[in-house]
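# kindly generate the corresponding structure for this input.
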Amino acid sequence: MKEKLVRISKIISHSGICSRRDAEELIKKGKVKINGAIFKDFYIEINSIKNVEVNKKILRKQITKLWCFYKPRGYVSSNKEQKNQISFFNLIPKNILRVVSVGRLDIQSEGLILLTNNPSLSSFLEKPSNEIQRKYIIKVTGKLPKKFEMISKKTLIIDGIIYKRLELIIKKEYKNHSQLEITLREGKNREIRKIMNYFKLKVQELKRISFGPFELGSLKTGELKIVENKKLDKYLKLIGFVDENHFW
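Numbering: from 1, shown residues only. Down below sits the predicted model:
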């Protein structure tokens, strides 16, 4: 059976030392050692790695960690900022090393964002075929169509894009505004806003309250909380993610 290959720059970037691009430059300059020998290739069989050394510093294997963060409105869910945009990563404490976000919320949305030091976990949670549920509370203006909750049983095609398996519950309904609970399993770009706009409803507020088994709970806006190891292990098993506990 062929051993799994891993990109060395990926291992280095996961450790929080630098980006993948910078890691590849270190490899070219002979600053990286694998098992005590200078390594100038870019891939290696993962099971053959005993230790990795960068600039004379031995890297430690990482333990999977995950944080729940309440993203406020007015912040983008990316490190890339344009014009007057501000990334929510500016709100993350500096003592937390390199992490990646799970999914995104647009600048006008708020609520739960997951952060992890394990990119494989982030990819698993975001992968549409894994059908990890995301739950939202939204407020819309406009009159709801008759039997609006029936869209939960339909596949919608809007501007050539297929939206399916959306679950909708009407929490409160008034003459010209309503509160809805929506559950998604794919999380396509601005999915909720596009669907509501299709039904001539305008989203005034959008808050994500859960992502899989992870919940916003009592978190306050801008607050960050780590998920305890025992609880994290339980939740990862629940969603079917195989965590090797330590990863490069």
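# and stretch 145-163, how far from the chain's centre?
Centroid separation for stretch 145-163 versus its chain: 25 Å, with C-alpha atoms, centre = their mean, to the nearest Å.
# could I get the buried residue list for that stretch?
Buried positions in stretch 145-163, judged by neighbour count with 16 or more other C-beta atoms under 10 Å: 148, 151, 163. Where C-beta positions appear, they are placed from N, C-alpha and C, glycine not excepted.
# list the buried residues of the helix or strand encompassing residue 171.
For residue 171, the host element (DSSP states H and E) is strand 167-173. For strand 167-173, the neighbour count (16+ other C-beta under 10 Å) marks residue 168 as buried.
# just the CA trace of the helix or strand just after that strand, in CSV.
Once the chain leaves strand 167-173, the next helix or strand it forms, by DSSP H and E, is strand 177-184. In CSV, the C-alpha atoms belonging to strand 177-184 read as follows (Å, rounded to 0.1, in the frame of the first residue of the first chain):
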residue,chain,number,x,y,z
HIS,A,177,-41.6,41.7,9.2
SER,A,178,-40.8,38.2,10.5
GLN,A,179,-38.2,36.2,12.4
LEU,A,180,-37.1,32.9,10.8
GLU,A,181,-34.9,30.0,11.8
ILE,A,182,-33.0,28.5,8.9
THR,A,183,-30.8,25.4,8.8
LEU,A,184,-28.4,24.8,5.9
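# of the buried residues of stretch 145-163, closest to residue 54?
Residue 54 lies nearest to residue 163 out of those, by C-beta to C-beta, at 44.5 Å.
# and the buried residues of stretch 145-163, which is closest to residue 187?
For the buried residues of stretch 145-163, the nearest to residue 187 is residue 163 (10.8 Å; C-beta to C-beta).
# got a list of contacts for the helix or strand containing residue 122?
Assigned by DSSP H and E, residue 122 belongs to helix 119-126. Residues from elsewhere that reach helix 119-126 (C-beta atoms under 8 Å, 6 or more residues apart in numbering): 10, 14, 64, 66, 100-103, 114, 116, 130, 132, 187, 211-212, 236, 239, 241, 243, 247.
# would you mark the buried spots in the lengthiest strand in the chain?
In the chain, assigned by DSSP state E, the strand with the most residues is strand 202-211. By neighbour count on 16+ other C-beta under 10 Å, the buried set for strand 202-211 is 203, 206, 207, 208, 210, 211.
# my read: the first one touches residue 191, true?
Spelled out, that is residue 203. No - using C-beta atoms under 8 Å, residue 203 is not in contact with residue 191; the gap is 11.2 Å.
# which ones are touching residue 138?
By C-beta under 8 Å, 6+ apart, the neighbours of residue 138 are 179, 180, 181, 182, 192, 196, 203, 205, 206, 207.
# the fourth one: what's it in contact with?
Right, residue 182. Counted by C-beta under 8 Å, 6+ apart, residue 182 has contacts 135, 136, 138, 166, 167, 168, 169, 192.
# what strands line up against the helix or strand where the third one lies, and which way round?
So the one you mean is residue 138. According to DSSP H and E, residue 138 maps onto strand 134-141. Strand 134-141 has the following strand partners under DSSP bridges: strand 177-184 (antiparallel), strand 202-211 (antiparallel).
# the longest one vs helix 119-126, what angle?
In this case it means strand 202-211. Using axes from the mean of the first three to the mean of the last three C-alpha atoms, to 10 degrees, the direction of strand 202-211 lies 130 degrees away from that of helix 119-126.
# likewise for the shortest one?
Taking the same axes, to 10 degrees, one finds that strand 177-184 is oriented at 120 degrees with respect to helix 119-126.
# could you check the angle strand 177-184 makes with strand 167-173?
Taking the same axes, to 10 degrees, one finds strand 177-184 and strand 167-173 inclined to each other by 160 degrees.
# ok, for the residue nearest the centre of the chain, nearest residue in space, not its chain neighbours?
Closest to where the C-alpha atoms of the chain average out (C-alpha atoms, centre = their mean) is residue 102, at 0.4 Å. Distances taken as C-beta to C-beta, 6 or more residues apart in numbering put residue 114 closest to residue 102, at 3.8 Å, once the chain neighbours are dropped.
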